[in-house]
Every structure is written in structure tokens, then in C-alpha cells.
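Enquirer: Just need the structure, nothing else, for what follows:
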Amino acid sequence: MKKIEQVEVTDETGYHILLGETVLVMCANYFYHGDLIGVNEDTIVIKNPSIVYETGSWNDKQYEDKQSMCVDEWHIKKDAIESLGKSNVN
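Expert: Have a look, this model is predicted:
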């Protein structure tokens, strides 16, 4: 039988735990890459945003085709997000 022996409880949940991290945001139409700097009920905000048009191999240390959006910040509606996570790619 597998059991959970210890559970760590924090006040931070969901998107908030990734604040300040470089993230990859996978949406229905586009993948966005940038630094997560804001979260509210409806949107997230990424700094220095790029659109990732082609990831290439997931083992690579850079994306095949990542293009800067040439703006400081970008707001993304939460209901468009399919998944989001910390990115190890620059």
C-alpha cells in the first residue's frame, strides 16, 4: 500500500507559487514565455514576453522558434490557459 506520510501546507496555491519565475504558458492557440509578475482573478501578467512558435525537442535548452513580442508586459486571460509551468529554457 502506498500512503502519504507528510503533507506540506502553504498559503500559496495555483499560479501564485510561480510568481517571479520564468514560465511557459500553454494556451489553446499560442505558447507564451516570460517572467510571471502578476496574477489576479481573470488574468496573469508576464514580463518580457515571447511567443514560442516551435518548441523543438523538449530536451533542448532553447526553443526552435521563440520570438519576442517587443513589449514590456503581456496580459493573458486565465480561461485561455491550458497549462503553465516553470521554464528551464532561456
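Enquirer: The closest residue to Phe31 other than its chain neighbours: neighbour count?
Expert: The shortest distance from Phe31 to any non-neighbouring residue, by CB to CB, 6 or more residues apart in numbering, is to Val52 (4.0 Å). In short, each C-beta sits where N, CA and C put it, glycine included. Counted by other CB atoms under 10 Å, the residues lying close to Val52 total 20.
Enquirer: ok, the helix or strand containing Val52: who's next to it in the sheet?
Expert: Using DSSP states H and E, Val52 falls within strand 43-54. Partner strands and pairing direction for strand 43-54 (DSSP bridges) are strand 31-39 (antiparallel), strand 65-68 (antiparallel), strand 73-77 (antiparallel).
Enquirer: Could you tell me the end-to-end distance of stretch 77-90?
Expert: Distance across stretch 77-90, first residue to last, is 23 Å (CA to CA, to the nearest Å).
Enquirer: For that stretch, give the mean pLDDT please.
Expert: Averaged across stretch 77-90, pLDDT comes to 93.
Enquirer: Parallel or antiparallel, which strands does the helix or strand hosting Met26 pair with?
Expert: Taking DSSP H and E as the criterion, Met26 maps to strand 22-27. Strand 22-27 has its sheet partners listed here by DSSP bridges as strand 31-39 (antiparallel), strand 81-86 (antiparallel).
Enquirer: Pass me the low-pLDDT residue ranges in the protein, would you?
Expert: Applying pLDDT under 70 to the chain flags residues 1-13.
Enquirer: related to what we said a few turns ago, tell me which residues of the strand holding Val52 come out buried.
Expert: The neighbour-count check on strand 43-54 (16 or more other CB atoms under 10 Å) flags Thr43, Ile44, Val45, Ile46, Asn48, Pro49, Ser50, Ile51, Val52 as buried.
Enquirer: wait, what's in contact with the closest residue to Ile46 other than its chain neighbours?
Expert: Nearest residue to Ile46 in three dimensions, chain neighbours excluded: Gly34, at 3.3 Å (CB to CB, 6+ apart). Going by CB atoms under 8 Å, 6 or more residues apart in numbering, Gly34 touches Thr22, Val23, Val25, Ile46, Lys47, Asn48, Pro49, Ser50, Trp74.
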